[in-house]
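> Need the 3D shape of this:
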Amino acid sequence: TTSIAPKEITELPLSRADQALQGRTTGVYVLNSDASPGGETIIRIRGLNSINGGNEPLIVVDGLQGGQELLRTLNPNDIESMEVLKDASATAIYGSRGANGVILITTKLGKLGKPVIDFSVGISPQKLANKLDVMDAVTYAEYMNLVRSKQTGSGNVPVPIFSADDIARFERDGGTDWQDVIYETGLIQNYQLSVSGATDRLKYMVSTNYLDHQGILKGSAYDRISLRTTLNADISEAVDFGLNWAFTKETYKSPDFRGDVAFVAMAINVAPRWAPTEPVYDAQGNYQRHGLQPDGSINTDYGPSDTWNPLASAIEPDMDRPTYRNNINLFLNFDIVKGLSLKLTGGAILANSERRDYYNTKTMGGFSNNGEAQLSNSTTERWQNSNILTYDNNFGGRHQLTATAVLEQIYDTWHGSNTEARDFIVDQLGYNNIAGAQFLTKSSYAGDRSLLSYLGRVFYGYDDRYLATFSYRADGSSVFGEDNKWGYFPSGSVAWRLS
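Purely as a prediction, here's the structure:
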């Protein structure tokens, strides 16, 4: 188990909670799968644990269990503590879902005293660290002419691709540096406001956060707004109540970096490959196509003529992908008798994601399909109930015994629809005019799954030096095979504290 101190989280200008794990925990691998604003992060604990299954760790925020979306949308300033469970004994209490490791997060509560109002602003510019070293226009033109001069087969008399006047013009004007064309200075703005406080019977914290990230690639952007309320109240001497609620809206507005469009239409992949002899725009003010000649023909004798204008690929796609999340967790804790308590919790993760993409006729896909759109909507729900009975007692000052019994239920459901459209009558209205498309393809899906779990755990410590823990968990899942609906996860550990 590795703990990350609160100071390590707050002392750095983090915009995402998963950044707090980078370089701070052994055995934890954190990698940005792409550099786009709001891009996905890959987290692996103890390497890859499955070939066919997933390798994502389980994320637990204030008892609410989910995937990496809980971590990605969490405001780092709201974190009180973060622990990473890596060893088999620690993760076994979470059964099959703990096989890839567990990240436990507790959010902040107010401290006794007067209400505290905290406001902070963080503004960070970003720029491309290093450009790829590529040929300038003159060197490129001379090299292409050299290649052409070697093509003398079958008595062919090669004609240079670029004339002396072309090369002189490149020497004078410099040609096009496509990396300068598509990249710019990015900017991250992070605004945080919180109010917290506590009395003898009540602790609370309300916070809100706004993050705006304009990426270094033109046309790339991400924004997130979040609101969190955390409340703990003592109803009586034997009963206390807790509420954790978080709302998040995040919007991804970046051209595709990965596999959603053809490789030859991705700006960051194509820019270093496009000839520096090509202008950004042609004589008519339209985006230049590689090898486009004054007569409208395409010269395919040099360069990647099957690719698309990098600037058009960056700024012309209209991408709008908002996701709305509500995470809520409630608990009631009863002190039955001295040393014996019962905690009842109920939680839900409710998310709705939309995708509204349009590739106009200035993009590669839109050009070949006379406009191309994709609209989708997905709704996911997770309902969770945990019932925890705990006995905790100290005997004779040296013997510490803690026994825990847990009954847990999780139910997931999801549904969604997709619409793909192409060949639009009017290009300017984009995805707001799906009825104007000549070809439509529609699909939908739905599904659910459930999990029922039992857990027993016993901890014994003698003199705070000799420690032993044993646990046994049983998971019954609707996705397990018909004849093997249950999985069993025993574990144990012993320790001797030297000092």
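> could you pull out the helices for this structure?
Ranges of helices in the chain, per DSSP state H, are 6-10, 68-72, 88-91, 137-149, 164-173, 178-182, 267-270, 310-315, 364-369.
> Please produce CSV containing the ones you listed, extended by distance to residue 213 and mean neighbour count.
The way it works is simple: take the backbone N, C-alpha and C, and place the C-beta from them, glycine included. Output for these, formatted as CSV (distance: least, C-beta to C-beta, whole Å; neighbours: other C-beta atoms under 10 Å):
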stretch, distance to residue 213, mean neighbour count
helix 6-10, 19, 14
helix 68-72, 13, 20
helix 88-91, 33, 18
helix 137-149, 33, 17
helix 164-173, 35, 13
helix 178-182, 17, 19
helix 267-270, 17, 22
helix 310-315, 16, 25
helix 364-369, 26, 20
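> Can you check which of those helices gets nearest to residue 447?
Nearest to residue 447 among the helices of the chain is helix 68-72; the distance by C-beta to C-beta comes to 17.7 Å.
> Report all helices and strands that that closest one contacts.
In this structure, helix 68-72 packs against strand 41-45, strand 58-61, with contacts taken as 3 or more C-beta pairs under 8 Å, 6 or more residues apart in numbering; DSSP states H and E.
> what's the least confident stretch among the helices of the chain?
Mean pLDDT is lowest for helix 88-91 among the helices of the chain, at a mean of 67.
> The helices and strands packed on helix 68-72: which one's closest to residue 355?
So among the helices and strands packed on helix 68-72, strand 41-45 is nearest, using C-beta to C-beta, at 19.9 Å.
> what's near enough to touch the nearest residue to residue 141 once chain neighbours are set aside?
With C-beta to C-beta, 6 or more residues apart in numbering as the criterion, residue 141 has its nearest non-adjacent residue at 4.0 Å, and that residue is residue 162. Applying C-beta atoms under 8 Å, 6 or more residues apart in numbering to residue 162 gives the contacts 141-142, 144-145, 170, 277.
> What's the local residue count around the nearest residue to residue 101 once chain neighbours are set aside?
Closest residue to residue 101 apart from its sequence neighbours, by C-beta to C-beta, 6+ apart: residue 45 at 2.9 Å. Residue 45 is flanked by 26 other residues according to other C-beta atoms under 10 Å.
> ok, residue 45 - contacts?
So residue 45 contacts 27-29, 57, 84, 86, 100-101, 103 (C-beta under 8 Å, 6+ apart).
> Out of the residues you listed, which comes closest to residue 399?
Out of these, the member with the shortest distance to residue 399 (by C-beta to C-beta) is residue 86, at 28.9 Å.
> model confidence over stretch 414-429, on average?
94.
> Distance from it to the middle of the chain?
25 Å (C-alpha atoms, centre = their mean, to the nearest Å).
> What of stretch 488-499?
With C-alpha atoms, centre = their mean, you get 34 Å for stretch 488-499.
> Just the residues contacting that stretch, thanks.
Against stretch 488-499 from outside (C-beta under 8 Å, 6+ apart): 87-89, 92-93, 95-96, 464-475.
> cool, and stretch 315-326?
69, 73, 218-219, 245-256, 261, 348-360, 362-363, 366, 430-431.
> which stretches of the stretch 201-350 of the chain have low pLDDT?
Counting by pLDDT under 70, the stretch 201-350 of the chain has low-confidence residues at 257-265, 294-296.
> And the buried ones among the contacts of stretch 488-499, selectable in PyMOL?
Buried subset of the contacts of stretch 488-499, written as a PyMOL selection, criterion 16 or more other C-beta atoms under 10 Å:
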select buried, resi 89+92+93+95+96+467+469+470+471+472+473+475
